[in-house]
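>>> Okay, sequence plus prediction incoming.
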Amino acid sequence: MAREFQRGHKARISDLTAGTDLYVGVQISGPGLTFDISCFGLDADEQLSDDRYFVFFNQPKSPEESIQLLGAQAGDTESFRVTLDRIPPQIQKLSFTATLDGAGQMSQIAPGYVRIVAGGEEVARYPFNGSEFSTERAVMLGDFYLKDVWRFAAVGQGFDGGLEALLKNFGGEVAEEETPAPQQPQTGAAPGFAPPAFGAPAPAAPQPAAQGFAPPPGATPPPAPAPAPSVHAAPTIVAPLTPPGGAQVPPPAPAPAPYGQPGPSQPPQAPYGQVPAQSGSLPPGYGQPQAPQTPPGPPGFHQQPPFGQAPGQPAPYGMPQGVPQGGGPGGGVSAALQQFKETPTGQRWTQQNKKLIRVDLGMGGQPVLARQGSMVLYQGKVDFSYKGAGFAGRLVGSATGQEMQLMRCTGQGQVFLADNSAHLHPVELQGDAICVSAENVLAFDESLQYEVRRVEGHGIPGGALFTMQFQGTGTIVVKTHGTPVVLPVTPTTFADCNAVVAWSAASQVVVSSQVRMRRNAYPGDTGEGVNLQFRGAPGNFIVVQPYEI
């Protein structure tokens, strides 16, 4: 049975199928609307650095044929063949997109889907409809991305600017040249792969027997007669995006690399959906990708990335993508405010600046639990309701100091969250766990499980401390006073219990005291009587803020 995804959901492809030769079908339609469906092969910076991996009707396959456009069949408006084990290492992400050719908006589309078929069986489906969109003219439907293994993410986010805005998001631009004759998709490049469709005309030559990884005939309703591929008034030419005037953006001055940011001699940080190249001593979510670095913004804005976010994610606050700081030519109010524009990325959680984060709830998506009063702005139809912990939960929270006053955010729209100018750090969990003090939790996906966890020891009266443990698949937003530091756990790692923010759940934590209680009575006490000692296997970590509560 196919696994059904909602917008923002992710999964390992190996959890869906053991196969690597996959069929990806897209069904999208609307009255009077024409669509161009494409696949972008992106590099480690989520940029289209090689335009040979832009697979669309004028370029139906990649050089090594690991990505092939197959055309309309088996009830799908467009279909692709993706052979994961043949994709070259420089391609780290495949983004399947749909753009409108002509007038219209994505809110007008009928119910559609993106599906994955392996071995002739549908293993995953992301259904969508027009109620999930508004004025967008180009949407990113789903992604295959490499993060230690290939994974699938249901995206469902778009751009009002259509194809041009989509290309600029991937580091390209639309140029116009003399129109060549359009090239038809070469479905014969993958003999036997394409699934048969009822009502389709018989092929000119007999095809070999199906290989078994295409959807079976009749699995979907007979497709309507497919219109001829629409051709833009001018062909799409992908070129590197350069700043206005052709000037190159100067690189930032070398500085000591904070956690999650590569130094001058290190390779670039891995992007959204990819594990960094260096050995994994850090947990999932502590290396969120970004776009290539641009000059630093105004003082105080993104001088360094927060933990949980690596450099290069699209357009940090104060630095819109592809626009040098300063607002560009022309001046005026719009130019002055350009650097503070909202940063859309097509993801569920988007860092707007180091103290403000946006969550896209989406139609039918998972609700979000957030600290009461943390909403500073929202767009769309969003409902806020009280999230009670129940009598037992309130009792445990009061007794342990780990009580969280939460509100439940549901509906369709975007919610902006902040709390007293604290630094915010989204941490993505994918089945693993993290321990965070309730005081340092701003918001999290309702799909995460959480409970109070006891830390035992003999160093303090009562013999215990408490924290919250979060586990599952989703995102938790951690807040800190100032920029934290993340350290690997070693047998000699100690932290002040008032400064530690979070640690990996697999770490062993012991409460210890280096100062005897009878010495605290006379002047000269260090004030560091209670510490937490951390022990664990390689890969465990602790997060400490430069502030004591």
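Here it is on my side, so go on.
>>> In three-state terms, label A154 for me.
strand (DSSP: H, G, I helix; E, B strand; the rest coil).
>>> And the pLDDT for R358?
Listed pLDDT for R358 reads 91.
>>> shouldn't it be in contact with G413?
No - in this structure, R358 is not within contact of G413 by CB atoms under 8 Å, at 10.3 Å. C-betas here are computed from N, CA, C, even on glycine.
>>> Please identify which of these two sits among more neighbours.
Taking other CB atoms under 10 Å, R358 and G413 do not tie; R358 has more neighbours (21 against 17).
>>> immediately after the host helix or strand of the more buried one, which helix or strand?
Using DSSP states H and E, R358 sits in strand 356-360. Scanning forward in sequence from strand 356-360 by DSSP H and E, the next helix or strand is strand 368-371.
>>> which strands and helices sit next to the helix or strand that that next one is followed by?
The element immediately downstream of strand 368-371 (helix or strand, assigned by DSSP H and E) is strand 375-387. Counting contacts by 3 or more CB pairs under 8 Å, 6 or more residues apart in numbering; DSSP states H and E, strand 375-387 packs against strand 406-417.
>>> Let me see the mean pLDDT of the strand it packs on.
89.
>>> what's next to it, contact-wise?
Applying CB atoms under 8 Å, 6 or more residues apart in numbering, the external contacts of strand 406-417 come out as 131-132, 352, 356-363, 367-372, 374-387, 389, 424, 442-443, 446, 477.
>>> just the angle between it and strand 375-387, please?
160 degrees (axes from the mean of the first three to the mean of the last three CA atoms, to 10 degrees).
>>> Relative to F494, how far out is the closest residue in space to G156 that isn't next to it in sequence?
Computed as CB to CB, 6 or more residues apart in numbering, the closest residue to G156 that is not its neighbour in sequence is R7, at 3.9 Å. For R7, the distance to F494 (CB to CB, to the nearest Å) stands at 43 Å.
>>> Between those two, point out the one with more neighbours.
Using other CB under 10 Å, the more surrounded residue of R7 and F494 is R7, with 23 against 15.
>>> Check what pLDDT the more buried one gets.
Reading off the model, R7 has pLDDT 88.
>>> Okay, it and N129: tell me how far apart.
R7 is 11 Å from N129, by CB to CB.
>>> what does I28 give?
Taking CB to CB, one finds I28 at 10 Å from N129.
>>> same deal with D51?
Separation of D51 from N129 (CB to CB) stands at 32 Å.
>>> and what of T490?
Applying CB to CB to T490 and N129 gives a distance of 52 Å.
>>> quick one: contacts for G41?
Going by CB under 8 Å, 6+ apart, G41 touches 48, 50, 53-55, 62, 67, 87, 91, 93-94.
>>> Now do the buried residues in stretch 440-448.
Going by neighbour count (16 or more other CB atoms under 10 Å), the buried part of stretch 440-448 is 440-445, 447-448.
>>> quick one: average confidence on that stretch?
Mean predicted lDDT for stretch 440-448 stands at 91.
>>> what's it in contact with?
By CB under 8 Å, 6+ apart, stretch 440-448 touches 357, 359, 366-371, 374, 404, 408, 417, 419, 422, 424, 429, 450, 468, 470-480, 501-502.
>>> Selecting buried members of these in ChimeraX, what would you type?
Buried residues within these, by 16+ other CB under 10 Å, are selected in ChimeraX with:
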select :357,359,366,367,368,369,370,371,374,404,417,419,422,424,429,450,468,470,471,472,473,474,475,476,477,478,479,480,501,502
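>>> any idea what V477 is structurally, helix, strand or coil?
V477 ends up strand, using three-state DSSP.
>>> I figured V427 hits G474, correct?
No - counting by CB under 8 Å, G474 is not a contact partner of V427; they are 9.8 Å apart.
>>> Least confident secondary structure element in this structure?
helix 390-400 (a mean of 60; mean pLDDT, DSSP states H and E).
>>> Could you tell me which other helices and strands the helix or strand hosting Q352 packs against?
Using DSSP H and E, Q352 sits within strand 349-353. Packed against strand 349-353 by the contact rule (3+ CB pairs under 8 Å, 6+ apart) you find strand 356-360, strand 423-436.
>>> Turn these into JSON lines, columns for distance to G332.
What follows is these, written out as JSON lines (distance: least, CB to CB, whole Å):
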{"stretch": "strand 356-360", "distance to G332": "25"}
{"stretch": "strand 423-436", "distance to G332": "31"}
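>>> Of all the ones you listed, which one is nearest V155?
strand 356-360 (10.3 Å; CB to CB).
>>> That closest one pairs with which strands?
Applying DSSP bridges, strand 356-360 is found paired with strand 349-353 (antiparallel), strand 406-417 (antiparallel).
>>> among these, which is the most enclosed?
Highest mean neighbour count of the strands paired with strand 356-360: strand 349-353, a mean of 23 (counted as mean count of other CB atoms under 10 Å).
>>> where does this protein have low pLDDT?
Within the chain, the segments meeting pLDDT under 70 span 173-331, 344-346, 363-365, 389-402, 456-464, 512-530, 548-549.
>>> For it, just list every one of the helices.
13-16, 162-169, 332-337, 390-400 (DSSP state H).
>>> And the third one, what does it pack against?
Using 3+ CB pairs under 8 Å, 6+ apart as the contact criterion, no secondary-structure element is in contact with helix 332-337.
>>> Quick check, G8 in contact with Q366.
Yes - using CB under 8 Å, G8 makes contact with Q366 at a distance of 6.9 Å.
>>> What residues does G472 make contact with?
Residues near G472 by CB under 8 Å, 6+ apart: 429, 431, 447-449.
>>> Quick check: it vs E64, distance?
Separation of G472 from E64 (CB to CB) stands at 38 Å.
>>> Could you measure from G472 over to Y145?
Separation of G472 from Y145 (CB to CB) stands at 20 Å.
>>> circling back to that earlier point, now the strand holding R358 and strand 423-436, what's the angle there?
Taking the same axes, to 10 degrees, one finds strand 356-360 and strand 423-436 inclined to each other by 70 degrees.
>>> residues in contact with strand 356-360?
7-8, 157, 317, 342-343, 347-352, 368, 376, 409, 413-418, 424, 426, 442-443, 477.
>>> rerun at 7 Å
348-352, 368, 414-418, 424, 426, 443, 477 (CB atoms under 7 Å, 6 or more residues apart in numbering).
>>> May I ask which two of those residues are separated the most?
Spanning the widest gap among these are R348 and A418, at 17.5 Å by CB to CB.
>>> Looking only at neighbour counts, state which of the two leads.
Just comparing R348 and A418: by other CB under 10 Å the higher neighbour count belongs to R348, 27 against 18.
>>> Quick check: that one touching G8?
Yes - with contact defined as CB atoms under 7 Å, R348 reaches G8; the gap is 3.8 Å.
>>> residues near P127, how many?
18.
>>> bridging residues for it?
Under the criterion used (DSSP bridges), P127 bridges to Y113.
>>> and it, how far is that from L16?
16 Å.
>>> Could I get the buried residue list for stretch 484-494?
484, 486-487, 489, 493.
>>> That one: end-to-end distance?
The first and final residues of stretch 484-494 sit 16 Å from each other (CA to CA, to the nearest Å).
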